[in-house]
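A.B. asks: Attaching a predicted model along with its sequence, questions to come.
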Amino acid sequence: MIQGLILAAGQSRRFGTDKRLALIDGQPMVLHCALKWLNVMDDVLVVLRSEDIALAQLLSNAGVACTHCSQSDQGMALSLAHGVIETANAGGWAIGLADMPHLHASSIRAVAQASRRGQIIVPLYAGKRGHPVCFDHVFGPSLMVLQGDRGARSLLHTHAEAILELELNDPGVLFDVDFPEQLPFLA
């Protein structure tokens, strides 16, 4: 089974405040995004910072499973590795970000359903790569030892032959919120 893994342990430095709490349709962005994932996947885990006790409770109250990464301040890759270690028995991981409120639920489903043995599924919109990215379980050991702030980008380079690009009609695969001025454009 493919595990949904949402990375939500970033520091929101460019945003200025904790963007995970920015309201989208009356809900904190991280909850808005996580519920979308839960609508199309059986197993979803949100990776939070170690101090995110109240946020974990909010997500848990909505039925969203969470884990805390004590090394999240050392980069996105460590949060990703933590999530993969926590779900090591998964058949693969559809990895997304908690700041992508425009991502269609159907795109999450399409990427997870496209999963194939030994492949990495990468969604495209207008020829550009986006998220979520789905890694087959054979990449688990490599995902578990990632370091730095580039996530799994290094695996995309070293395993380019394993990539299956999936063109989707969803500009949301490219749009993550980095700055407060991007919020008024959310509908």
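C.D. replies: Looks like it came in fine. Numbers count the residues shown, from 1 in each chain.

A.B. asks: Direction included, what does the helix or strand bottoming out on mean pLDDT in the chain pair against?
C.D. replies: In the chain, no helix or strand scores lower on mean pLDDT, DSSP states H and E than strand 23-24, which sits at a mean of 88. Sheet pairing of strand 23-24 (DSSP bridges) gives strand 27-28 (antiparallel).

A.B. asks: ok, which stretches of this structure are strands?
C.D. replies: 2-7, 23-24, 27-28, 43-49, 65-69, 92-97, 120-125, 128-129, 133-136, 163-167 (DSSP state E).

A.B. asks: where are the low-confidence patches of the chain?
C.D. replies: 12-13, 184-187 (pLDDT under 70).

A.B. asks: what's the distance between residue 15 and residue 52?
C.D. replies: Residue 15 sits 16 Å away from residue 52, going by C-beta to C-beta, to the nearest Å. Every C-beta, even on glycine, is put in place using the N, C-alpha and C of the backbone.

A.B. asks: Between those two, which is the more surrounded one?
C.D. replies: residue 52 (22 against 18; other C-beta atoms under 10 Å).

A.B. asks: Excluding chain neighbours, what is closest to that one?
C.D. replies: In space, and not counting its chain neighbours, residue 52 is closest to residue 68: 6.6 Å by C-beta to C-beta, 6 or more residues apart in numbering.

A.B. asks: Pull the contacting residues for the one you found.
C.D. replies: 47-50, 52, 56 (C-beta atoms under 8 Å, 6 or more residues apart in numbering).

A.B. asks: Show me which of the residues you listed is closest to residue 155.
C.D. replies: Of all the contacts of residue 68, residue 155 sits closest to residue 47, with 17.3 Å by C-beta to C-beta.

A.B. asks: how many other residues sit next to the closest one?
C.D. replies: Close neighbours of residue 47, defined as other C-beta under 10 Å, add up to 27.

A.B. asks: related to what we said a few turns ago, residue 73: which of the contacts of residue 68 is nearest?
C.D. replies: residue 49 (7.5 Å).

A.B. asks: So that closest one is in contact with residue 7, correct?
C.D. replies: No - in this structure residue 49 lies outside contact range of residue 7 using C-beta atoms under 8 Å: 11.0 Å.
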